[in-house]
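Q: From the sequence below, what's the structure:
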Amino acid sequence: MINSARGGTMMLSNKILYTVGLGVCAAMLYSAAVMASSAAQNAPDQEEYDEDTYGPKELIVWNKPVPRVTFSHKVHTMDAGLECDSCHDGLFEMEAGASQEKDDFNMSSFTNGNYCGACHDGDTAFNAMSYEMCAACHTAPKTIVFTKPVKAVVFDHQMHVDDFGFNCTNCHSDVFKMHAGNAEQNEEKFIMEALYRGEYCGACHDGEQAFASSTRCTACHIGVLGFDRTFGHGPKKEGGH
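A: Numbering: from 1, shown residues only. Predicted structure coming up:
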């Protein structure tokens, strides 16, 4: 009888603990659901983005005087709290593309407090001239293909930056000017003999810092057929090499 009573008591205790446990789990799940719902309600609704208040959602991309320089209205207005008249029409004209057509829309002008330099002075916002911040605005192409003086020579930006840890200043603006196509414009200078003297790619590809520019030709030179196959300008043969 005593054992039977104890067994009944234990079963009752287990049921109570089981019931309490279910209640606790339910409470935790409900609490998590409430928190998730609250977070979703407090999160900014992208559908309510007002271009009249925050400016265009799409990135502005300037291609002059250098290509692929990006600017985000959202970062400056919605995130940083600036208003349209913080920049327009004083620093920038309201007309799209007006700034890049001006001769003084360049980095030198920024150092004098013009355009982006009015805020990006190192105090109000990061310094526009900071070497560490180049990629915040300048979007480098993953691969550059030189077609002059010979066709075609490839340079892998992504490999040099991501794999080797270089930054913009390792090459710009001493080894290469920060201007697309600048090296190719000097066809008589941008030649292998110049690389052997330590110019252009030869500044690093000297056989000590990196493989010598006089070796491993096909690492950079893909030739006319390689260019056509890579960029789809020629017929691709089935099979073969």
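Q: Helix or strand next in line after the helix or strand of the chain with the lowest mean pLDDT, which one?
A: Across the helices and strands of the chain, mean confidence by mean pLDDT, DSSP states H and E is lowest for helix 2-42: a mean of 45. Note on helix 2-42: by DSSP states H and E, the next helix or strand toward the C-terminus is helix 51-54.
Q: With just CA atoms, put that next one into CSV.
A: Coordinates of the C-alpha atoms in helix 51-54 are reproduced here as CSV (Å, rounded to 0.1, in the frame of the first residue of the first chain):
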residue,chain,number,x,y,z
GLU,A,51,12.6,59.8,-52.5
ASP,A,52,11.4,63.4,-52.0
THR,A,53,12.7,63.2,-48.4
TYR,A,54,15.7,60.9,-48.7
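Q: is it true that Thr169 touches Tyr131?
A: Yes. The pair Thr169 / Tyr131 is scored as a contact, 4.4 Å apart, by Cβ atoms under 8 Å. Heads up, the C-betas are built off the backbone N, CA and C, glycines and all.
Q: which residue sits closest to Tyr54, ignoring its sequence neighbours?
A: Of all residues not flanking Tyr54 in the chain, Thr77 sits nearest, at 4.3 Å (Cβ to Cβ, 6 or more residues apart in numbering).
Q: Now do the SS call for the one you found.
A: helix (DSSP: H, G, I helix; E, B strand; the rest coil).
Q: got the contact list for it?
A: 53-55, 83-84 (Cβ atoms under 8 Å, 6 or more residues apart in numbering).
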